[in-house]
Each structure stands twice: as structure tokens, then as C-alpha cells.
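Engineer: here is the input, now give the coordinates:
(one chain, ligands or ions: 2)
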Amino acid sequence: MRTRVAIIGAGPAGLLLSQLLHDRGIDAVLLEARDREYCEHRQRAGMLEQATVDVLREAGAADRLDREGLVHHGIHLRYAGRDRHIDFPSRTGGRSVTVYGQTEIVKDLIAKRVAQGARMYFDAPVTAIEGIDGDAPRVRFLRDGVEEVLECDLVAGCDGFHGVSRGAIPADVLKTYERVHPFAWLGILADVAPSTDDLIYAHSERGFALHSMRSRAVSRLYLQVDPDADLADWPDERIWAELRERLALPGWTLDEGPIRERSITPMRSFVAEPMSFGRLFLAGDAAHIVPPTGAKGLNLAVADVRVLARACGEFFLAGSRAGLDGYSDACLRRVWRAEQFSSWMTTLLHARVDASGFDRRCQEAELAYVADSSAAMDSLAENYVGYTWAD
Ligand code: APR
Ligand code: PHB
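Structural biologist: Ligands and ions are numbered 1, 2, ... in the order given. Just a heads-up that it's a prediction; the model follows:
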């Protein structure tokens, strides 16, 4: 089998890249380890920056997003019985964000690629990537348990944090940076209308809570829990009681409904540098992870593949390697901005059992500053909607 670009992974990064390459007339084959059903039902975050919505529109994959996505003009910062609404458009030159589940984006992209007859193989785990330091890389994968080889010009490693691509970069070249946060998030999907217009990010001494949503009838809520927490210890009543406590505000009530799904996700900050080596290019979670507090994971993945698709266009259609050579640096600038913002939001809002009295007072002072200072709110808003550079 032969193609120009071998794409590994059918998450948002790999699927969107496959669409953007198709739109440029560049042949690609996508290999995914899991089955389609699994990929279409993984629950993930769902907050899209305007730039992310724009790329999905450009890819012709935003029809349902435009119909069903919920545009949000700000967030609520809630703590100590106070609620501060931080308005985005007035602080960012008119920008907003859109809530639309990542799962839905994956379904939309798969449906579109299937309709276009894409060469996309599920149940096809990649086992090895070879020859990325030459000009004829080869990707080995399994189909029906039998090994096959895909020959290509470029490899796009879009296989998430646990994929094989990152490991193909020589250990003496790859540098990784990591912070494991001492929390996890317990997330639920509940069949109940959201009790809020905009998302609520709440800090309390009991821990962080987030009230998000998926539609006018489905709420998505999260609780900070211990990294080793067990779902078995979290029956519905305990989840709702904890959400009520942490989101409490005089005069406001949290509506409850049947819990449809629940999961616990660890929180990690991670970056691998460089994001490319020879003919291999990492995109999305394969190269970087952010804690979900800043809602940046999906947006970073989309931004990476936008840069990569353009660089592939220059390479195959104009014969220039400049875009590919600049890929890693171009992405890492955005990645580190998002890493810093996500870590900052996480530290600001979560409760640490091991915090000293001094650290707790500093955290309270910072929360009060963010909720009181227009400059601080401008900064939060600018980062939340997606910081863009002037040059
Ligand atoms: N061969 C083929 N596919 C693989 C392999 C392999 N060896 N290893 C992993 N994969 C697949 C996974 O099964 C998964 O479907 O790669 C895909 C990676 O998808 P995601 O984890 O969704 O990663 P990405 O596309 O980068 O999306 C990033 O996901 O975790 C969130 O917050 C994050 O929103 C961000 C988004
Ligand atoms: C979500 O809706 O899943 C969501 C929203 C904002 C976040 C994280 C998750 O910061």
C-alpha cells in the first residue's frame, strides 16, 4: 500500500488532517487502532475557540456544529458565595466560544470522510514506524491480525498520548516536560437542562466543580476528586450532593437529573519537543497534554493540524519544505501559551489538601483579584478565547 501522508489515529487531529489534505488534493491513508463505534463514543471536553470553529467550517465539517453548537459569551467564576461573570466579547474585540462535544466533531468528520470514500481503516493498529530519517518512511500495521506495510512520504502521528508515534523520535532528540497535577476530574453527563447560561467554574474548600453542558437538555458536570478515586465510591446521590455544595450560591439551585455516563480522568501537563523529526510530524495529544481546566486540548489539536495541512500543501504542491521545517516551532509557541494558561487556571481553582496556610491565603487573594480587576479578567478572557499573536 502506498500514499503520500500516513495518518495514525482517528481522533479529532487525525480526522481533521485527513479532511484538510483531501481538500488540497493530497492523498492520505488513515490508520486507527480501535473500531469506529469506540471512536465515536469517547466522551471528551467540548469547548471550541472561534479559530477552531473557523477551521471546521473551512473543512466543510461544521453544518451540525452551526445548527447545534451553543455560543457562549463568557464564563462565571464562582467562589466564597460570589459569582463574577466574565464577559468575553467586550474584553476580546468581539470573540466568543462555542460548546459542542468533541464526540460530535469526531462523528461529523468520520461521516464526511466515509461519504468521500476516504481510505480510512479502523481496527488497524500501527505497530512500527520506520525510515523517518530518510525520504521513504514505512508504517507497519495490523489488519485482521496480519501485518501490512504502508509506504509514504510523510507520517502524521495523531495517535494521542498513548500512541506509538512519539516513541519513534530518537530518545537523544526528544525532550519531554511534565507536571502531574494531584487531582482528577469525575465527569458526568446528565439528562437535565443546564442550571446556567454560561459555564460555571467554581472553587471551594471542598474542591473544584465545573458546570458545563452539551445541549439545552443535557448537562455536563465535573468534580475535582483524588487521582486514585474510584467510581464505585461515587453513587449518584454523593455526586449531586458534592456538586450542590461546591457550586452553592445564595438564590441559585442546581437542577438534577438521571446520570447517563460517568468517568474519572487524571490531570496532566505534558509537552514533547520537537514535535517533528525527519518525516514524522506529531499533532494533538501525541505531542502535548493540558489539564482540562482551560479547555484547550481539542483547540491545540485543531491548531496543529491546520499548520500541518498548510505545510503539506507547500511541500507537495509547491515543492517547499519550509512549512514542514517550521512546523514544530510554530506549534510549540501556541502549545506553551496554553500550557501556562491551563496550569494557572488549574492552580487557581483547585483545592490542595497539602497547601500551607500561606498558600491558601495567596490563592484566595488571587481569586479575589481575578474577580475584581478588569486587567485580570481581560487576561483570562484573552487566553480562554485563544490568544493570537500580532505577527
Ligand atoms: N495505531 C493506530 N491508532 C492509534 C494507535 C496506534 N498504535 N495508538 C493510538 N491510536 C488512536 C487512538 O485509538 C485514538 O483514536 O489514536 C487516536 C488518538 O485520538 P485522541 O486521543 O482523541 O487524540 P487527538 O486526535 O490528538 O485529540 C486531542 O483529545 O484528549 C483529548 O483533550 C484532548 O481534545 C483533545 C483531543
Ligand atoms: C466540557 O464541556 O466538557 C468542558 C468545558 C470546559 C472545560 C472543560 C470541559 O474547561
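Engineer: show me what contacts the residue in the stretch 251-391 of the chain that ligand 2 sits nearest to?
Structural biologist: Distances between the stretch 251-391 of the chain and ligand 2 by C-beta to the nearest ligand atom are smallest at Ala295, namely 3.4 Å. Using the backbone N, CA and C atoms, a C-beta is placed for each residue, glycine as well. Each residue near Ala295 by C-beta atoms under 8 Å, 6 or more residues apart in numbering is listed here: Ala45, Met47, Val97, Tyr384.
Engineer: let's see that with 6 Å instead.
Structural biologist: For Ala295, the contact set (C-beta atoms under 6 Å, 6 or more residues apart in numbering) comprises Ala45, Met47.
Engineer: and the pLDDT at it?
Structural biologist: On pLDDT, Ala295 comes in at 94.
Engineer: which parts of the stretch 201-350 of the chain sit against ligand 2?
Structural biologist: Leu210, Ser212, Arg220, Pro292, Thr293, Ala295 (C-beta under 6 Å from any ligand atom).
Engineer: test my guess that the third one contacts Ser212.
Structural biologist: Yes - counting by C-beta atoms under 6 Å, a contact exists between Arg220 and Ser212, whose distance comes to 4.3 Å.
Engineer: show me which of the two is the more surrounded one.
Structural biologist: Ser212 (25 against 22; other C-beta atoms under 10 Å).
Engineer: and Ala272, its phi and psi?
Structural biologist: Dihedral pair for Ala272: phi -110, psi 130, per degrees, to the nearest 10.
Engineer: who's it bridged to?
Structural biologist: Legend: beta-bridge partners of Ala272 under DSSP bridges are Thr176.
Engineer: likewise Phe277?
Structural biologist: Leu280.
Engineer: my read: it touches Pro170, true?
Structural biologist: No - Phe277 is not in contact with Pro170 according to C-beta under 6 Å; the separation is 7.1 Å.
Engineer: would you map the strands across the stretch 201-350 of the chain?
Structural biologist: 207-213, 219-225, 259-273, 276-277, 280-282, 288-289 (DSSP state E, counting those that start in this stretch).
Engineer: can you pull the buried residues of the longest helix along the chain?
Structural biologist: Longest helix in the chain by number of residues, with DSSP state H as the criterion: helix 322-349. Buried residues in helix 322-349, defined by neighbour count with 16 or more other C-beta atoms under 10 Å: 323-324, 327-328, 330-332, 334-335, 337-339, 341-346, 348-349.
Engineer: residues contacting Ala272?
Structural biologist: Contacts of Ala272 by C-beta under 6 Å, 6+ apart are Arg166, Leu174, Thr176, Ala287.
Engineer: tell me the confidence at it?
Structural biologist: 98.
Engineer: separation between it and Pro235?
Structural biologist: Separation of Ala272 from Pro235 (C-beta to C-beta, to the nearest Å) stands at 39 Å.
Engineer: repeat that for Leu221.
Structural biologist: Leu221 is 15 Å from Pro235, by C-beta to C-beta.
Engineer: neighbour-wise, which of those two wins?
Structural biologist: Leu221 (28 against 11).
Engineer: count residues in the vicinity of the closest residue in space to Lys112 that isn't next to it in sequence, would you?
Structural biologist: Using C-beta to C-beta, 6 or more residues apart in numbering and skipping residues adjacent in sequence, the residue nearest Lys112 is Ala61, 5.5 Å away. When counting by other C-beta under 10 Å, one arrives at 20 neighbours for Ala61.
Engineer: for Ala61, what are its contacts?
Structural biologist: Taking C-beta under 6 Å, 6+ apart as the test, what Ala61 contacts is Asp108, Leu109, Lys112.
Engineer: extract the CA atoms of the helix or strand containing the last one and return them as PDB.
Structural biologist: Secondary structure assignment for Lys112, by DSSP states H and E: helix 102-115. As requested, C-alpha coordinates have been extracted for helix 102-115 and formatted as PDB (Å, rounded to 0.1, in the frame of the first residue of the first chain):
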ATOM      1  CA  GLN A 102     -15.700  16.600  20.800                       C
ATOM      2  CA  THR A 103     -17.500  13.300  20.300                       C
ATOM      3  CA  GLU A 104     -19.900  15.000  17.900                       C
ATOM      4  CA  ILE A 105     -17.000  16.500  15.900                       C
ATOM      5  CA  VAL A 106     -15.500  13.000  15.600                       C
ATOM      6  CA  LYS A 107     -18.800  11.600  14.300                       C
ATOM      7  CA  ASP A 108     -19.200  14.500  11.800                       C
ATOM      8  CA  LEU A 109     -15.700  14.100  10.500                       C
ATOM      9  CA  ILE A 110     -15.900  10.300  10.200                       C
ATOM     10  CA  ALA A 111     -19.300  10.600   8.400                       C
ATOM     11  CA  LYS A 112     -17.900  13.100   5.900                       C
ATOM     12  CA  ARG A 113     -14.700  11.100   5.200                       C
ATOM     13  CA  VAL A 114     -16.700   7.900   4.700                       C
ATOM     14  CA  ALA A 115     -19.000   9.700   2.300                       C
END
